[in-house]
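In: Sequence below, structure please.
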Amino acid sequence: MRSRALVVAMLLGTAGLVGLWVPDRAAASCAAPQVWVAVGGATPTLVTESAPALVVRRGDRLVVRGELFHTGCEDTGSTGPGCSGPPPSDRERPMADVALTLQQGASAWPLGSTAAGPRAERYPVAFDVVVPDRVAAGAATLRVGSVDVPLAVQV
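Out: Prediction:
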């Protein structure tokens, strides 16, 4: 009986100490922009870090779609400790100028720029462009804002 009372007292004491601990605001980060690319009339596919280079030819039509192109980061939004910490001071806004560029070695071809759409649509961007005729065969990079899409150019 004494040991049972001792265990209960220890549990209550531990619970009391844990109750005094208040976690700091949780740290997290906003998701990076995501990009989908299609060649010709194909359905755009999500570009990932492990995806192989997209095979393109001069004159190919590229359909480029993206989302989460914003400045700022509103990770949490309530008050209190932990994940419900104080609201961030860095408010999200659509990016005003998302550039699309094809880069190959020292050469670069600006293919367009656009403002991202509203938050309700997940800050989207959209481009419909053509692979320049002056690009050479070999490796190239399609850069959408800060996202790099590896290309393998065939002629």
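In: and the spatially most central residue of the chain, what does it touch?
Out: The centroid of the chain falls nearest to residue 32 when counting by Cα atoms, centre = their mean (1.6 Å). By Cβ atoms under 8 Å, 6 or more residues apart in numbering, the contact list for residue 32 reads 68, 146-147. C-beta: built from backbone N, CA, C; applies to glycine.
In: Give me the PyMOL select line for those, limited to the buried ones.
Out: The following PyMOL line selects those of the contacts of residue 32 that are buried, judged by 16 or more other Cβ atoms under 10 Å:
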select buried, resi 68+147
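In: For stretch 142-155, measure first residue to last.
Out: End-to-end distance of stretch 142-155 (Cα to Cα, to the nearest Å): 17 Å.
In: in it, what's buried?
Out: Residues of stretch 142-155 classed as buried by neighbour count (16+ other Cβ under 10 Å): 142-145, 147, 149, 151, 153.
In: what about the closest residue to residue 137 other than its chain neighbours, distance to residue 40?
Out: Excluding the flanking residues, the one nearest residue 137 by Cβ to Cβ, 6 or more residues apart in numbering is residue 155, at 4.5 Å. Distance from residue 155 to residue 40, counting by Cβ to Cβ, to the nearest Å: 17 Å.
In: same thing with residue 128?
Out: When residue 128 is compared with residue 40 (using Cβ to Cβ), they lie 11 Å apart.
In: okay, and the common contacts of the two?
Out: residue 61.
In: Helix or strand with the lowest mean pLDDT in the protein?
Out: Of all the helices and strands that make up the chain, helix 2-20 has the lowest average by mean pLDDT, DSSP states H and E, namely a mean of 57.
In: Flag the shaky bits of this structure, pLDDT-wise.
Out: Within the chain, the set of residues satisfying pLDDT under 70 comprises 1-29, 75-90.
In: could you pull out the strands for it?
Out: Shown for the chain, the strands assigned by DSSP state E span residues 34-39, 45-46, 54-57, 61-67, 70-71, 93-94, 98-104, 107-114, 125-130, 138-144, 147-154.
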